[in-house]
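1. Need a 3D model of the following:
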Amino acid sequence: MHRVGSTGNTSGLSRPRKEKRLTYVLNAADDTKHCAGINCLAVLKSPTSSESDYLFTGSRDGTLKRWQLTKDAATCSATFESHVDWVNDAVLIGGSTLVSCSSDTTLKAWNCLSDGKCTRTLRQHSDYVLCLASAGKNSNFVASGGLGGEVFIWDVDAALAPVSKSNDALGDECPNGINGTAGSLSVNSLRTISSSNNITVHPSQQQGYAPIVAKGHKESVYALAMNDSGNLLVSGGTEKVVRVWDPRTGSKTMKLRGHKDNVRALLLDSTGRLWDLGQQRCVHSYAVHTDSVWALASTPTFSHVYSGGRDLSLYLTDLVTRESILLCTKEHPILQLAMDDESIWVATTDSSVHRWPAEGRIPQKVFQRGGSFLAGSLSFSRARASLEGSTPVPVYKEPAFSIRGTPAIVQHEILNNRRHVLTKDTGGCVKLWDITRGVVLEDFGEVSFDEKKEEVFEMVSIPAWFTADARLGSLSIHLDTPQCFSAEMYSVDLDIDANAEDDKVNLGRETIKSLLSHWLVKRKRRTGSQASANGDIQTVKDISARIVNHSRMDVDGSADNDSGVYPPLEFSKNSPPSIITEGSHGGPWRKNITDFSGTEDEKDFPWWVLDCVLNNRLPPRENSKCSFFLHPCEGSTVQIHTQGKLSAPRILRIHKVVNFVLEKLVLDKPLEGIAADGTSAPGLAIVSLQNPAAGDASARPTVRPWLRLKPSIEILCNNQVLSPDMSLATVRTYIWKKPEDLALHYRVVQGVRNIEYGEGKSITFSIENKTGWTNCKVCATSITEQLSINFASGCTALLSKQQPFVVKHFFASSALAQPYGYG
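-> The predicted structure follows:
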């Protein structure tokens with residue numbers, strides 16, 4: 001399974017073999033909703049009727065949320081963001097502490113009534129932590145189990161108690177002392193991760209709190225349960241047995257056999273019913289479901305049990321009479337249940353949570369509706385067969401109330417421009433994302449993903465500078481060095497008007513600077529380095545608006561640092577992304593980019609990220625050049641001299657190659673008949689067009705006369721005429737398609753030419769030149785409007801559709817023609 005945070009050897013002075021990864025998660029516009037399946041539920045009842053109850057939900061999107069409940073509404077009052085992978089379970093203890101576990105191998109304790117503040121991160125497990133169990137809300141004991149086969153029993157009071165720095169050894173403090181063990185991570189240093197996420201690093205220590213270890217499982221642990229008195233713990237998993245422990249010592253007291261498949265859910269009452277613990281045998285077996293049972297909940301008296309699972313069904317079973325009834329059916333597998341007085345909350349693999357009527361205090365009322373049946377003791381396959389033709393009718397058709405989530409992304413495709421990603425969610429909607437801004441460019445609705453992918457295809461070639469996944473229900477963009485610095489674009493292609501046309505922009509660098517722009521501002525504000533003479537501080541908006549004058553392509557460590565962000569590459573302030581990364585100490589952490597306070601330790605970031613944003617320095621990268629040969633087309637009478645193989649940036653446009661050929665033709669080896677006064681050689685079609693709005697570049701006094709004479713050039717590859725907008729990399733990928741160096745050919749074009757100018761405007765010229773330029777006829781065969789044409793003689797004529805006229809010389813406006821390879 002994919003892990004979000006990368007790890008590496010950070011001991012010693014040598015650089016790790018694999019550098020830490022920087023990941024950012026693109027959040028939905030409505031951050032009060034979950035965007036992936038709900039794995040866990042916990043209900044906190046208020047002590048008085050005047051106060052609100054709360055529902056806590058933990059999601060596969062890596063966050064927990066607190067919902068303030070009223071009779072017919074639920075309001076998200078806090079988001080708990082610190083885990084970097086799925087939140088798998090959560091329990092309430094001590095009245096105000098929420099403990100969660102995650103696939104990131106950690107447990108986290110939260111002040112559940114605060115604004116989402118994590119009080120401690122506990123690291124002990126070596127693999128995903130899947131389940132928790134507590135001895136009731138008034139106890140401080142929590143057990144945890146996971147894929148590593150480990151079971152730990154934590155005294156949360158002791159784990160969260162402040163300890164001196166000389167005795168810290170076991171976990172991460174949020175934000176004060178540290179408790180917990182580093183587990184599989186080296187304990188070179190300890191760090192803080194919290195939702196408010198003040199991240200601090202502490203020296204390594206030798207002593208501290210350690211949890212009780214319950215040894216015995218040889219395989220994964222999927223389920224735990226603890227009785228209210230805290231003297232009985234049961235666990236189950238892939239070994240198909242239930243183990244019973246004394247949580248006070250971690251000693252195993254017995255092993256219960258009887259299940260034929262993985263144990264996925266457990267419930268205990270005060271007596272340990274349904275199993276005879278004295279004789280270590282199963283007393284009752286209830287075959288209700290036709291597929292795996294993943295969730296259990298009971299009434300307060302433990303007389304009735306609610307069960308749900310993979311068969312999408314929620315059943316209520318009377319444990320005494322063995323009578324069962326189908327309460328409802330869902331569209332998604334049921335993952336967890338939570339009782340709430342007369343109702344029951346149901347969590348599924350969908351991002352929404354539903355509350356269904358349950359008659360929790362008097363469950364017998366449900367059976368009075370009819371439709372019940374006796375639960376058997378059959379296997380799934382036999383249960384399915386027994387239900388054929390007699391499928392139970394659910395008691396309830398619709399939930400009493402729903403907390404809606406955002407559809408999770410289930411399919412994505414990185415487009416060739418390496419800035420846009422096409423996604424499809426569980427609702428069938430297809431969207432186009434700009435990952436350098438974190439926004440949806442277009443919502444196409446419910447359309448075919450494959451057809452839309454073909455429709456938005458662009459024949460461009462840009463290096464793969466990032467990877468992406470949708471494990472958390474939203475797009476996670478992963479940046480690894482040095483690959484993330486391999487893609488460049490010209491500033492003009494990014495609509496950065498203030499920069500010169502030839503300035504290059506490194507997409508990876510600008511994305512990282514945009515992600516950390518808020519942190520940089522807060523950091524400089526704290527140090528006072530950005531204070532103005534009157535004491536004002538430069539805001540994020542001010543810094544983002546500032547454009548660097550020098551080229552950003554090759555900046556060494558001595559260059560002045562630039563913390564500005566190009567507006568076209570600035571992340572949305574309405575839905576800012578969250579960062580997931582890992583520094584030289586501790587484990588991975590997650591934080592929204594707008595929540596940085598500036599107090600975060602630099603050691604919590606990868607060194608290469610800091611080198612980029614603080615020193616404006618990039619790591620060594622692979623060669624970004626493209627080698628090619630440039631030859632005249634066969635039979636061409638015009639040739640230029642090149643010194644063997646040429647080399648240019650991969651992003652170089654073909655129109656630059658055209659200009660190179662023109663410069664060689666006009667400057668290095670002037671054509672016969674071209675004189676300094678601007679006259680032209682016979683047989684060459686020198687076509688140009690004056691766009692009145694662009695001005696006449698040929699009339700500028702600084703332009704030498706011979707620079708105005710530019711023949712029309714075409715560049716070919718594999719006998720295919722190349723578009724002037726193509727880059728060398730695109731030509732090599734889609735036209736050349738060979739491992740050898742690229743081979744390009746050029747030729748001078750005569751006769752009919754088509755020139756586009758402005759949006760939706762074009763003109764086609766045919767040039768008749770039988771006896772030189774004298775009495776040459778220029779005829780516009782297709783024109784959308786009248787255009788002003790300037791001639792060498794200084795006169796001006798209006799060119800209209802199908803209106804031939806005789807000219808002696810016809811010159812170019814480079815402002816119009818050059819972008820299309822004609823000047």
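
2. low-confidence ranges in the stretch 1-150 of the chain?
-> Across the stretch 1-150 of the chain, the ranges flagged by pLDDT under 70 are 1-17, 137-138.

3. Show me the strands in it, by range?
-> 22-25, 38-44, 53-59, 63-69, 74-81, 87-93, 97-102, 106-111, 118-123, 129-134, 141-146 (DSSP state E, counting those that start in this stretch).

4. With the stretch 551-700 of the chain instead?
-> With strands called from DSSP E, counting those that start in this stretch, the stretch 551-700 of the chain shows them at 578-581, 589-592, 625-632, 646-649.

5. For the first one, buried residues please.
-> Buried residues in strand 578-581, defined by neighbour count with 16 or more other Cβ atoms under 10 Å: 578, 579, 580, 581. In short, each C-beta sits where N, CA and C put it, glycine included.

6. Low-confidence ranges, the stretch 301-450 of the chain, go.
-> Judged by pLDDT under 70, the stretch 301-450 of the chain has its weakly predicted residues at 377-390.

7. Neighbours of residue 517, how many?
-> Taking other Cβ atoms under 10 Å as the neighbour definition, residue 517 ends up with a count of 21.

8. Apart from its neighbours in sequence, what residue is nearest it?
-> The shortest distance from residue 517 to any residue other than its chain neighbours is 5.1 Å, reached at residue 565 (Cβ to Cβ, 6 or more residues apart in numbering).

9. Residue 237 versus residue 261, what's the distance?
-> Spatial separation of residue 261 from residue 237 under the definition Cβ to Cβ, to the nearest Å is 11 Å.

10. okay, the two: which has more neighbours?
-> More neighbours sit around residue 237 than around the other of residue 261 and residue 237, counting by other Cβ under 10 Å; the figures are 26 against 11.

11. wait, what's in contact with that one?
-> By Cβ atoms under 8 Å, 6 or more residues apart in numbering, residue 237 lies in contact with 145, 149, 217, 219, 220, 221, 222, 223, 262, 263.

12. hmm, 6 Å instead?
-> Residues near residue 237 by Cβ atoms under 6 Å, 6 or more residues apart in numbering: 219, 220, 221, 222, 263.

13. ok, what's across the strand from it?
-> Per DSSP bridges, the residues bridged to residue 237 are residue 221.

14. which stretches of the stretch 601-750 of the chain have low pLDDT?
-> Along the stretch 601-750 of the chain, segments meeting pLDDT under 70 span 666-711, 750.

15. all helices of it, in order?
-> Counting by DSSP state H, counting those that start in this stretch, the segments of the stretch 601-750 of the chain that form helices are 607-615, 654-663, 728-730.

16. The residue nearest to residue 473 when sequence neighbours are not counted: neighbouring residues, count only.
-> In this structure, residue 473 finds its nearest non-sequential neighbour in residue 36, 2.8 Å apart by Cβ to Cβ, 6+ apart. A count of nearby residues for residue 36, using other Cβ under 10 Å, gives 27.

17. Pull the contacting residues for residue 36.
-> For residue 36, the contact set (Cβ under 6 Å, 6+ apart) comprises 59, 60, 61, 351, 408, 473.

18. When you filter the residues you listed down to buried only, what's left?
-> 59, 60, 61, 351, 408, 473.

19. Could you double-check that the fourth one lies in contact with residue 405?
-> Think residue 351. Yes - under the criterion of Cβ atoms under 6 Å, residue 351 lies in contact with residue 405, with a separation of 2.7 Å.

20. what touches both of these two?
-> Overlap between the neighbourhoods of residue 351 and residue 405 consists of residue 34, taking contacts as Cβ under 6 Å, 6+ apart.

21. Please tell me how far residue 124 sits from residue 101.
-> Distance, residue 124 to residue 101, using Cβ to Cβ: 11 Å.

22. Looking at these two, which one has more neighbours?
-> Using other Cβ under 10 Å, the more surrounded residue of residue 124 and residue 101 is residue 101, with 30 against 24.
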